[in-house]
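Q: no sequence on hand, only this structure:
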Ligand SMILES: Cc1cc2nc3c(=O)[nH]c(=O)nc-3n(C[C@H](O)[C@H](O)[C@H](O)COP(=O)(O)OP(=O)(O)OC[C@H]3O[C@@H](n4cnc5c(N)ncnc54)[C@H](O)[C@@H]3O)c2cc1C
């Protein structure tokens, strides 16, 4: 009698979604499956903390080498770029190599398309890669050293349509304001915030708008909603409403597209893979899952990538084990937004609306779980997360699962009972 071969599980992408999926599958299935992780970089980057690079953080501190945790968990690591997926042959081309699978998790993230805004590439600074963040650091240092009595400077922040993760840009504008105060040049710098959104961080509902609006007022940041950019020229932005604003420094978070497009899988016009909401399986391809920024959930966030990865990995594990009953996807987002002097925590139960102009909204039936709070203590919460997550990933363990996460969750619940409403 021959032993039945183990199923081959292939995970593409070494970011939040890919690592959480691979480590969750190993944690859940033990040695009942062969798991391979493919990523083009040899390390994971803890992207949420790249917001500190412009203020001095060394980018190397945010990297986790992928070879050790994968080896520790008996996961094969293949470093290379995925070129194409053939769902009929159940194979993936990685550079010149072909890899086959029984189940596939696609988590190859997103990319920026700044060229959608005429003039943005040539004239704007961006928040995306470590290199972008280092350029921002140079710009901030130049701003702080050049602004002074008789030398007023103007910084404009610009959020264009189709950016799918506005939070980090809000963090940077608020952190810059605190940082300029500490550098004692704040009164010589005008800060203007312009966004296409109807309300600040509109995907997270009205309470975030109130919090951010209050912070902008207190800090003298001029905020403008429903400002859709039409063109950027050297030193000047034009909006669709005809308004023109001059700037010395322009900082933007560009429109999103899928990091890699897969022609054989169903996707929307930006390359985001179409998924079955509850399970995260790719539409009409039940053996393929898509999680994180590369999938079609409209909010691109690490926390959402975790929720999707756990949903997909649990569903896939029950398939492998011949069971059923995996929990459906619940997109309840959590985030902590730093301002350097305090931070805002938000827990937001979301649902899809089907309306392109506002694709998600707060779930009315779960309004009691919609919590927002601002306090210096939330900065500590963000720091604990930034220690705990790399600790888990360095050991090849899922972040958002098991007893350690339940302890973290209990701590968060306690904090939000005291520090959020
Ligand atoms: C500045 C900034 C701050 C942020 N702050 C927060 C925050 O505070 N909280 C939060 O929840 N979210 C935050 N986000 C969003 C969060 O980082 C993303 O949503 C998250 O990284 C998505 O995870 P992912 O695994 O889908 O993609 P990624 O983390 O981008 O990972 C994709 C992986 O796939 C690899 N890859 C891509 N294409 C290929 C290919 N063809 N072949 C092989 N490998 C490939 C990449 O190298 C990478 O390893 C922030 C984002 C930015 C830019």
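A: Received the coordinates, thanks. If you're wondering where the values come from, they're calculated on a predicted model, not measured in any experiment. Numbering: from 1, shown residues only.
Q: residue numbers of this protein in contact with the ligand?
A: Contact residues (C-beta under 6 Å from any ligand atom) of the chain with the ligand: 12-18, 38-41, 47-48, 50-51, 81-82, 107-109, 127-128, 165, 167-168, 259-260, 292-294, 300-303, 305, 335. All C-beta atoms are positioned from the backbone trio N, CA, C, and that covers glycine.
Q: which members of those residues occur in strands, if any?
A: 12, 38, 39, 82, 335 (DSSP state E).
Q: who wins for neighbours among the residues you listed?
A: For those, counting by other C-beta atoms under 10 Å, the largest number of neighbours falls to residue 12: 30 neighbours.
Q: next one: that one relative to residue 401, how far apart?
A: 20 Å (C-beta to C-beta, to the nearest Å).
Q: can you list the domains in the chain?
A: 8-112+257-419, 114-254 (automatic domain parsing).
Q: how distant is the shortest one from the center of its chain?
A: In terms of C-alpha atoms, centre = their mean, to the nearest Å, the gap separating the centre of domain 114-254 from the centre of its chain is 19 Å.
Q: again with the longest one
A: Offset of domain 8-112+257-419 from its chain centre (C-alpha atoms, centre = their mean): 9 Å.
Q: same deal with stretch 106-121?
A: Offset of stretch 106-121 from its chain centre (C-alpha atoms, centre = their mean): 14 Å.
Q: mind listing what's buried in it?
A: 106-114, 116-117, 119-120 (16 or more other C-beta atoms under 10 Å).
Q: restricted to helices, list these.
A: Taking DSSP state H, the ones among these that sit in helices are residue 120.
Q: need the buried residues of stretch 106-121 in TSV with pLDDT, can you?
A: Shown next, in TSV, are the buried residues of stretch 106-121 (pLDDT from 0 to 100):
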residue	pLDDT
106	99
107	98
108	98
109	98
110	98
111	98
112	98
113	98
114	98
116	97
117	98
119	98
120	98
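Q: which one of the buried residues of stretch 106-121 sits closest to residue 285?
A: residue 106 (9.9 Å; C-beta to C-beta).
Q: OK, contacts around that closest one?
A: Residues in contact with residue 106 (C-beta atoms under 8 Å, 6 or more residues apart in numbering) are 12-13, 85, 262, 265, 273, 282, 288-291, 294-295.
Q: quick one on the thing from earlier: I'd like to know which of the residues of the chain next to the ligand are buried.
A: 12-18, 38-40, 47-48, 50-51, 82, 107-109, 127-128, 165, 167-168, 259-260, 292-294, 300-303, 305, 335.
Q: can you tell me the closest non-neighbouring residue to the residue of the stretch 251-400 of the chain found nearest the ligand?
A: Closest contact between the stretch 251-400 of the chain and the ligand, by C-beta to the nearest ligand atom, is at residue 292 (2.2 Å). The spatially closest residue to residue 292, leaving aside those adjacent along the chain, is residue 17, at 2.8 Å (C-beta to C-beta, 6 or more residues apart in numbering).
Q: check contacts around that neighbour.
A: Applying C-beta under 8 Å, 6+ apart, one finds that residue 17 lies in contact with 105, 107, 109, 291, 292, 293, 294, 305, 306, 308, 309.
Q: among those, which one lies nearest to residue 240?
A: Nearest to residue 240 among the contacts of residue 17, with distances taken as C-beta to C-beta, is residue 293, at 27.1 Å.
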